[in-house]
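In: Next input, structure requested:
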Amino acid sequence: MWIKSKRFWTTVVVCALVAWTGFLLAVNRAMHKTPEEFGNFMKKVPMPAYFVIPFETMWSRARAGNINVGEQAPDFSLELHDKSGRVQLSSFRGKPVVLVFGSYT
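Out: Prediction:
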């Protein structure tokens, strides 16, 4: 009786690990897509999953760039806060620029 019980629990644990690994691979793949696509993916993730996903480590690796200190940043443009136009990073070449991502309020 104990042997069957041990085999059952071993199977349950192995299946759970395989499912968790597959889920982590899906999250990792989504992290390498655009922020909008990643957001759409994360909207479908159940809340308890947030407690078992190593988000910080995965996000740091997925979004790690290859720019070294002293290199020129790649050019990009962003919409202005009031949506009246766009601003391009290259228009500030030669001037100090501070980029703030996230909430600063």
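
In: Okay, buried residues for the lowest-mean-pLDDT helix or strand in the chain please.
Out: Of all the helices and strands that make up the chain, helix 55-62 has the lowest average by mean pLDDT, DSSP states H and E, namely a mean of 82. With burial defined by 16 or more other CB atoms under 10 Å, the residues of helix 55-62 counted as buried are Ala62. Yep, even glycine has a C-beta here, placed from its N, CA and C like the rest.

In: Can you show me the strands along the protein?
Out: Using DSSP state E, the strands found in the chain span residues 77-79, 86-88.

In: what about Gly22, distance to Ala16?
Out: 11 Å (CB to CB, to the nearest Å).

In: which helices and strands sit right next to the helix ranked longest in the chain?
Out: Across the chain, the helix with the greatest residue count (assigned by DSSP state H) is helix 2-31. Under the contact criterion of 3 or more CB pairs under 8 Å, 6 or more residues apart in numbering; DSSP states H and E, helix 2-31 touches helix 35-43, helix 55-62.

In: looking at the ones you listed, which is closest to Val97?
Out: Checking these against Val97 by CB to CB gives helix 35-43 as the closest, at 20.6 Å.

In: That closest one to helix 55-62, inter-axis angle?
Out: Relative orientation of helix 35-43 and helix 55-62, computed by axes from the mean of the first three to the mean of the last three CA atoms, to 10 degrees: 150 degrees.

In: Hey, what's the angle from helix 35-43 to helix 2-31? Just curious.
Out: In terms of direction (the same axes, to 10 degrees), helix 35-43 departs from helix 2-31 by 150 degrees.

In: I'd like the average pLDDT over helix 35-43.
Out: The average pLDDT for helix 35-43 rounds to 88.

In: Which positions within it qualify as buried?
Out: Under the neighbour-count criterion of 16+ other CB under 10 Å, helix 35-43 has Phe38 buried.

In: Mind listing residues that contact that helix?
Out: Residues external to helix 35-43 that are found in contact with it (CB atoms under 8 Å, 6 or more residues apart in numbering): Ala26, Val27, Ala30, Met31, Lys33.
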